[in-house]
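S.K.: Predicted model and sequence follow; I will ask about them next.
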Amino acid sequence: MDAIIRGKVEKAQFKPNDPTAFRLVFAKLEGQQIEVIVRKPKKTRTDSQRKYYFGVIVALISEEIGENKNVVHEQLKVKFLYDLSGELPKVRSTSDLTTVEEEEYHSEIRMWASEFLNIYLPLPNEVAL
């Protein structure tokens with residue numbers, strides 16, 4: 001079981017945002033060995049990045065190739081978010097990308113679409129979302 005417990009450090013002590021959830025997670029693990037990883041939270045993709053991706057990138061490619069938007073989304077993930085770093089390969093979810101990773105993903109797709117589909121995908125600042 002993996003759990004992410006968010007909170008902040010005050011006077012060198014961890015203060016969970018949701019103390020009840022914090023206690024429940026640890027109660028389920030009573031008597032077991034665990035590993036605690038401490039890191040600053042990553043900024044996940046923004047709502048405007050999500051809207052741009054689905055409303056511009058996926059929509060225009062879908063229109064160009066005559067394919068369903070959901071299929072295009074899945075195909076783009078396989079092409080650009082295929083992860084071989086674990087024991088088994090997997091396709092990363094776009095909802096798990098950081099803001100920086102999301103923009104890198106968009107950039108790769110724009111370059112690919114220009115070269116292989118011969119279409120221009122406008123930049124986020126070139127469209128109204």
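M.R.: Thanks, I have the structure now.
S.K.: Tell me how many other residues surround L81.
M.R.: 17 (other CB atoms under 10 Å). Bear in mind the C-beta positions are built from the backbone N, C-alpha and C, glycine included.
S.K.: hmm, what's the outermost residue in the chain?
M.R.: Farthest-out residue of the chain from its mean C-alpha position, per CA atoms, centre = their mean: G31, at 33.6 Å.
S.K.: Surely that residue is within a strand?
M.R.: No: according to DSSP: H, G, I helix; E, B strand; the rest coil, the state of G31 is coil, so it is not within a strand.
S.K.: For it, what are phi and psi?
M.R.: phi 80, psi 0 (degrees, to the nearest 10).
S.K.: Check E64 too.
M.R.: The phi and psi values for E64, taken as degrees, to the nearest 10, are phi -60, psi -40.
S.K.: what's the neighbour count on it?
M.R.: Neighbours of E64 using other CB under 10 Å come to 14.
S.K.: check contacts around it.
M.R.: 113, 117, 119 (CB atoms under 8 Å, 6 or more residues apart in numbering).
S.K.: separation between it and E74?
M.R.: Using CB to CB, to the nearest Å, E64 is found at 16 Å from E74.
S.K.: How is this structure divided into domains?
M.R.: Domain assignment for the chain by automatic domain parsing gives 1-41, 47-126.
S.K.: which stretch in the ones you listed is the model least sure about?
M.R.: Mean pLDDT is lowest for domain 1-41 among the domains of the chain, at a mean of 91.
S.K.: That domain: how far from the chain's middle?
M.R.: For domain 1-41, the distance from its own C-alpha centre to the chain's C-alpha centre is 22 Å (CA atoms, centre = their mean, to the nearest Å).
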